[in-house]
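> kindly generate the corresponding structure for this input.
(4 chains)
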Protein chains: 2
Amino acid sequence: MKRMKIRRDACPVTKTAALLSDVHTMLITREILTGPKRFCELERSIEGISTRTLAAKLKKMEHDDILRKTKDGIYAATKKGAALRIVERAMRRYGELYL
Amino acid sequence: MKRMKIRRDACPVTKTAALLSDVHTMLITREILTGPKRFCELERSIEGISTRTLAAKLKKMEHDDILRKTKDGIYAATKKGAALRIVERAMRRYGELYL
DNA sequence: CGGGATCCAAAAAGATACTG
DNA sequence: CAGTATCTTTTTGGATCCCG
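Numbers count the residues shown, from 1 in each chain, chains lettered A, B, ... in the order given. I've put the predicted structure just below:
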């Protein structure tokens, strides 16, 4: 994973993921958990991700059954993806308390 | 993060981290949460990590105040590191339920 | 414009040999 | 044991181009 610069005031989830994770997958998850999104929305809301990486991650996440792409090009969490909320919640809480 | 082969019977935390994270930092955390460990113990218990990567991650984690190295070369979680238990727990639970 | 695919340079990870 | 040095392989991000 490449070192990423994180602002002190960034979302706690961002910070936690930067601390211990493949930032992008977790951030895509965070976005998807707030509702279905299209490519360009994800691209805009995930600061610093390249289209190439976003496309690659989405493909992998689709393959892993975390999200599904509808015919109209919208990405939505699957059941398995939605369940990641428990992890996202723990990360958010940790970030809020310690970062 | 490199694609990692995960056995179906691997620890659920391993699977969750492979799914969404910088696997190594999370796995080092998991080990450290069970008590202080030395370099070679970590190397043995984290399947597939190279000494180079382990050394690099430990350095980064020490810098991030997740763990501390004692004079006798033992790595132990800091307070901030120990608190990652909430994340580890969520990941374990998710892995148990969905992977 | 949305949704990528391609090419390229740089960074990170892997294997492994080697040292204090 | 606890790493470091070195070399190779992967992955990433940036820019660019393509196609409906």
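> alpha carbons only for contacts and neighbour counts from here, please
Noted.
> can you confirm residue A:76 is in a helix?
No: Residue A:76: not assigned to a helix; according to DSSP: H, G, I helix; E, B strand; the rest coil it is strand.
> what residue in chain A is the furthest from its centre?
Distance from the C-alpha centroid of chain A, by C-alpha atoms, centre = their mean, peaks at residue A:71 (21.3 Å).
> what about that residue, which SS state?
In three-state terms, and counting by three-state DSSP, residue A:71 is coil.
> show me where chain A has strands.
Using DSSP state E, the strands found in chain A span residues A:37-38, A:67-69, A:74-77.
> the residue farthest from the centre of chain A and residue A:65, how far apart?
16 Å (C-alpha to C-alpha, to the nearest Å).
> cool, residue A:85 as well?
According to C-alpha to C-alpha, residue A:85 and residue A:65 sit 15 Å apart.
> now residue A:90
Distance, residue A:90 to residue A:65, by C-alpha to C-alpha: 21 Å.
> the more surrounded of those two?
In this view residue A:90 and residue A:65 are compared by other C-alpha atoms under 10 Å in any protein chain shown, and residue A:90 has more residues nearby, 22 against 14.
> where does chain A dip in pLDDT?
Flagging of chain A using pLDDT under 70 yields the residue ranges A:1-21.
> can we see that at 80?
Applying pLDDT under 80 to chain A flags the ranges A:1-24, A:47-48, A:71, A:99.
> show me the helices in it, by range?
Using DSSP state H, the helices of chain A run over residues A:12-20, A:23-33, A:39-45, A:51-63, A:79-82, A:85-98.
> to DNA strand C, which of these lies closest?
Of all the helices of chain A, it is helix A:39-45 that lies closest to DNA strand C, at 3.6 Å by C-alpha to the nearest atom of the strand.
> buried residues, that closest one. List them.
Buried positions in helix A:39-45, judged by neighbour count with 16 or more other C-alpha atoms under 10 Å in any protein chain shown: A:42-43.
> now do the contacts for the residue nearest to residue A:54 when sequence neighbours are not counted.
Distances taken as C-alpha to C-alpha, 6 or more residues apart in numbering or on different chains place residue A:43 nearest to residue A:54, at 7.2 Å, with adjacent residues excluded. The contact partners of residue A:43, by C-alpha atoms under 8 Å, 6 or more residues apart in numbering or on different chains, come to A:49-51, A:54.
> in PyMOL, how would I select the buried members of those residues?
To isolate the buried members of the contacts of residue A:43 in PyMOL, using 16+ other C-alpha under 10 Å:
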select buried, chain A and resi 49+54
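> tell me which of the contacts of residue A:43 is nearest to residue A:29?
residue A:54 (11.8 Å; C-alpha to C-alpha).
> and residue A:28, how close does it get to residue A:94?
From residue A:28 to residue A:94 the distance is 19 Å (C-alpha to C-alpha).
> whoops, I mixed them up, residue A:85
In terms of C-alpha to C-alpha, residue A:85 sits 14 Å off from residue A:94.
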